[in-house]
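Any chance you can model this:
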Amino acid sequence: MQEDMTSAAAYYPHQSMIMTAKQQQQPELPEQEQLNCPRCASPNTKFCYYNNYNLSQPRHFCKNCRRYWTKGGSLRNIPVGGGTRKN
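Residues are numbered from 1 along each chain as shown. Here you go, the predicted structure:
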């Protein structure tokens, strides 16, 4: 089985070089620690996404008060759950 993988790399050396180049281009994302919600101080939060794809603006969601928040950002007066749709 090991011989098959080395022989495939021998047949397609350019393809393996492209794969390693793509792997090296991906940025290292920082480790996400479990943060407490700034509104209700609940540890029941999860990381959602980076705001505007900016690594310095991580967006989190509090499962307890059902609100999104940005680490280090200002808190706004938004209704719980952001208002739910009836339809």
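
just the helices in this protein please.
Under the criterion DSSP state H, the chain contains helices at 2-11, 13-25.

The shortest one - what's its average pLDDT?
Spelled out, it's helix 2-11. For helix 2-11, the mean pLDDT works out to 58.

ok, now stretch 55-73?
Mean predicted lDDT for stretch 55-73 stands at 86.

for that stretch, which positions count as buried?
Residues 58, 60-62, 65, 67, 69-70 are the ones in stretch 55-73 that count as buried (16 or more other Cβ atoms under 10 Å). Every residue, glycine included, has its C-beta placed from N, CA and C.

Put together CSV for the residues you listed, with distance to residue 48 on each row.
Listed next are the buried residues of stretch 55-73 as CSV, based on distance: Cβ to Cβ, whole Å:
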residue, distance to residue 48
58, 8
60, 6
61, 5
62, 10
65, 15
67, 11
69, 10
70, 10
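
what ranges do the strands span in the protein?
Listed in chain order, the strands of the chain (DSSP state E) span 45-50, 58-62, 67-70.

Reformat these as TSV; add distance to residue 36.
Below are the strands of the chain laid out as TSV (distance: least, Cβ to Cβ, whole Å):
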stretch	distance to residue 36
strand 45-50	7
strand 58-62	9
strand 67-70	11
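
Compare those strands and give me the one nearest residue 37.
Residue 37 lies closest to strand 58-62 among the strands of the chain, at 3.9 Å (Cβ to Cβ).

Tell me the strands beside the closest one, with direction?
Sheet pairing of strand 58-62 (DSSP bridges) gives strand 45-50 (antiparallel), strand 67-70 (antiparallel).

Can you show me the CA trace of the longest one as PDB?
Going back to what we said before, that points to strand 45-50. Presented in PDB, the C-alpha positions along strand 45-50 are these (Å, rounded to 0.1, in the frame of the first residue of the first chain):
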ATOM      1  CA  THR A  45     -21.300  30.400  24.200                       C
ATOM      2  CA  LYS A  46     -19.900  29.300  20.800                       C
ATOM      3  CA  PHE A  47     -17.800  30.800  18.100                       C
ATOM      4  CA  CYS A  48     -19.700  31.600  14.900                       C
ATOM      5  CA  TYR A  49     -17.600  33.400  12.400                       C
ATOM      6  CA  TYR A  50     -15.200  36.300  11.800                       C
END
